[in-house]
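Undergrad: coordinates only, sequence not included:
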């Protein structure tokens, strides 16, 4: 600075000068550090990230465990339709070759029993949604059944035979069928769960039983010998009325066929 | 190890979070600022000194390089001293506004010192370096401030004018009269040039 006197400046600098105390320095530097340092977070903030991570982990594991519990049933439901839908058709073809009759699968067994071995029901698709026209189909089947029964009755009357016992009332059959059809999804699910619960051997036994029953009850014979066998089977089952009806039908269809002695009407089926 | 960064660079670094930059800056200016304050408000030097630095800390986020850091720092100190004078009931107008505006005016007439404390008397009694400090205390505040700014911060006349909020001519006259009286206190010499 040109205005300053060097001698004056030297004298000024040689004099004792006050200095800030260390405590004052510390206060100022602390204030500066506090201004720069980030805002202090609350004590619980340090636990926020670990706690949230743990919560997410627990939730994810519980969901995974739940999905694993539900997965086997889901897999069974996804895999079961194909074998269940094809198996009854194969049995039917092996039993009654060349006929249009089909045997109801185990899921539709109540329906078949309600029809008293005279109805032919299509194999239901267990895992497909039922079409909205199922009630109409059920009514159509009942109408067909009615016409067939009326035909058989008229034939029996024409042959002078006694009227066979009346089949179940159509209204009752219709009600049973509608009930069975309406309950089909729930019934199918229940059956699947029961199948999942029982052992495989027991399941196979259950599957074979309805086949045999259907074979004996609903199969329409195509030869007189088959007619005779079916009548004998009905007799062994104690279904005298059905055996008598079928015997009359056999006589009508094959008038020249000579009945075996064990099917003599005087012995087994006394006719009026 | 000396930090070769300028004061302004250090201030910008501290604004961006570098605490070490502030420490370097503080070490550079702590003594000079403290002396600047202490020679003008001896009894309140610590308080004023801390207030000035806290204002620097508070202005950290808004700091922009519009002038030299020393000019900005001593401008803050000047304003704080004015507040201090006001708090003591001193006539700021008489001290800073009507004094030395006329370079030909006699500052001694505006603020006469006691006979025993005149620079000449002090020079006669003391031959030590403390004589200059005694003479400094007898100076009018604007002249003393101009001298301290020039001596402690190394400011030019323009920077002194900027720091004290006056024109360059006023700053020049204040500094000239301060030097004249201090020289008289040292040895009775008259102003050079």
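TA: All right, it came through fine. Since we're looking at a predicted model, the values are computed, not measured.
Undergrad: Report the helix or strand with the lowest average pLDDT across chain A.
TA: helix A:109-114 (a mean of 44; mean pLDDT, DSSP states H and E).
Undergrad: State the distance from residue A:19 to chain B.
TA: Relative to chain B, residue A:19 is positioned 6 Å away (CB to the nearest CB, to the nearest Å). In short, each C-beta sits where N, CA and C put it, glycine included.
Undergrad: give the contact list for that residue.
TA: Residue A:19 makes contact with B:31, B:34, according to CB atoms under 8 Å, 6 or more residues apart in numbering or on different chains.
Undergrad: ok, now how distant is it from residue B:48?
TA: As judged by CB to CB, to the nearest Å, residue A:19 and residue B:48 stand 15 Å apart.
Undergrad: now swap in residue A:66 and tell me
TA: For residue A:66, the distance to residue B:48 - CB to CB - is 71 Å.
Undergrad: quick one, which of these two is more surrounded?
TA: A side-by-side neighbour count of residue A:66 and residue B:48, using other CB atoms under 10 Å in any protein chain shown, places residue B:48 first with 22 against 10.
Undergrad: what's the nearest residue to that one if we skip its chain neighbours?
TA: Closest residue to residue B:48 in three dimensions, ignoring its sequence neighbours and counting by CB to CB, 6 or more residues apart in numbering or on different chains: residue B:37, at 4.9 Å.
Undergrad: Would you map the strands across chain B?
TA: Remark: no strands are assigned in chain B by DSSP state E.
Undergrad: quick one, domains of it?
TA: B:7-87, B:93-187 (automatic domain parsing).
Undergrad: Let me know the pLDDT of the closest residue to residue B:133 other than its chain neighbours.
TA: In this structure, residue B:133 finds its nearest non-sequential neighbour in residue A:15, 4.9 Å apart by CB to CB, 6+ apart. Each residue has a pLDDT score; the one for residue A:15 is 77.
Undergrad: got it, and residue A:102?
TA: Here the pLDDT value assigned to residue A:102 is 42.
Undergrad: just residue A:25 next, same as before
TA: 92.
Undergrad: ok, it - contacts?
TA: Residues near residue A:25 by CB under 8 Å, 6+ apart: B:26, B:30.
Undergrad: Find the helix or strand that it is a member of.
TA: Using DSSP states H and E, residue A:25 falls within helix A:22-36.
Undergrad: got the buried residues for that helix?
TA: Within helix A:22-36, the residues that count as buried by 16 or more other CB atoms under 10 Å in any protein chain shown are A:24, A:25, A:27, A:28, A:29, A:31, A:32, A:35, A:36.
Undergrad: you'd agree the residue nearest to residue B:48 is up against residue B:52?
TA: Yes. Between residue B:37 and residue B:52 there is a contact at 7.2 Å, judged by CB atoms under 8 Å.
Undergrad: and chain A, which of its residues are near chain B?
TA: Residues of chain A lying close to chain B by CB under 8 Å from any CB of the partner chain are A:1, A:3-5, A:7-9, A:11-12, A:14-21, A:24-25, A:27-29, A:31-33, A:35-36.
Undergrad: Tell me how many other residues surround residue A:234.
TA: Using other CB under 10 Å, residue A:234 has 21 neighbouring residues.
Undergrad: isn't it right next to residue A:243, touching?
TA: Yes. Residue A:234 is within contact range of residue A:243, at 3.9 Å (criterion: CB under 8 Å).
Undergrad: longest single helix anywhere in chain A?
TA: Secondary structure of chain A read by DSSP state H shows that its longest helix is helix A:45-79.
Undergrad: who does that one touch, helix- and strand-wise?
TA: If you count contacts as 3 or more CB pairs under 8 Å, 6 or more residues apart in numbering or on different chains; DSSP states H and E, helix A:45-79 packs onto helix A:184-197.
Undergrad: quick one: low-confidence parts of chain B?
TA: Chain B contains residues with pLDDT under 70 at B:1, B:90-129, B:188-193.
Undergrad: Quick one: the helices in it, in order.
TA: Taking DSSP H, the helices of chain B run over residues B:7-15, B:19-38, B:45-58, B:69-87, B:92, B:107-110, B:119-125, B:130-138, B:141-148, B:157-164, B:168-187.
Undergrad: got a list of what residue B:164 touches?
TA: B:75, B:78, B:142, B:145, B:146, B:149, B:171.
Undergrad: Among the residues you listed, which one lies nearest to residue B:25?
TA: Distance to residue B:25 across the contacts of residue B:164 (CB to CB) is lowest for residue B:75, with 15.8 Å.
Undergrad: How about the closest one, nearest residue that isn't a chain neighbour?
TA: Per CB to CB, 6+ apart, closest to residue B:75 is residue B:163, 4.6 Å.
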